[in-house]
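# Got a sequence here, can you build the structure:
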Amino acid sequence: MAGGRTSVRNVLYMAALTAIRHSPTFKAFYDRLTSRGQPKEVAIVAVIRKLLTTLNAIVRDHTPWRPQNN
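The predicted model follows:
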């Protein structure tokens, strides 16, 4: 990953790794990408984008975080 503010990028990267490890939704997304042949770093960046999209929707809609049950 390149570009942007380093501190923000580092926080998002660590948040994505945590989400992949602890959230069934994000783990399934990551596993699906890597099983289709995407490099791990590309899959992590995709998780970062999905995480940001999810967080933006939460802020936009003024709703609390609700984990999905898989």
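
# quick one: pLDDT of the most centrally placed residue in the chain?
Against the mean C-alpha coordinate of the chain, by CA atoms, centre = their mean, the closest residue is V47 at 3.0 Å. The model reports V47 with a pLDDT of 98.

# Surely it and D31 touch.
No - applying CB atoms under 8 Å, one finds V47 not in contact with D31, separated by 10.6 Å. Backbone N, C-alpha and C define where each C-beta goes, glycine included.

# quick check: longest helix of this protein.
Ranked by residue count, the top helix of the chain under DSSP state H comes out as helix 40-61.

# which residues sit against that one?
Outside helix 40-61, the residues that touch it by CB atoms under 8 Å, 6 or more residues apart in numbering are 1, 12-13, 15-17, 19-20, 26, 29-30, 33-34, 38, 64-65.

# can you check stretch 7-26 too?
Contact with stretch 7-26 is made by 1, 27, 30, 44-45, 47-48, 50-52, 67-68, 70, as judged by CB under 8 Å, 6+ apart.

# Give the PyMOL command for selecting the buried subset of the residues you listed.
Paste this into PyMOL to select the buried members of the contacts of stretch 7-26, with burial taken from 16 or more other CB atoms under 10 Å:
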select buried, resi 30+44+45+47+48+50+51
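
# so which two of the contacts of stretch 7-26 are the farthest from each other?
M1 and N70 (27.3 Å; CB to CB).

# Look up phi and psi at the residue sitting furthest away from the middle of the chain.
When each C-alpha in the chain is compared with the mean C-alpha position (CA atoms, centre = their mean), H62 comes out farthest, at 19.8 Å. Torsion angles at H62 (phi, psi; degrees, to the nearest 10) stand at phi 50, psi 50.
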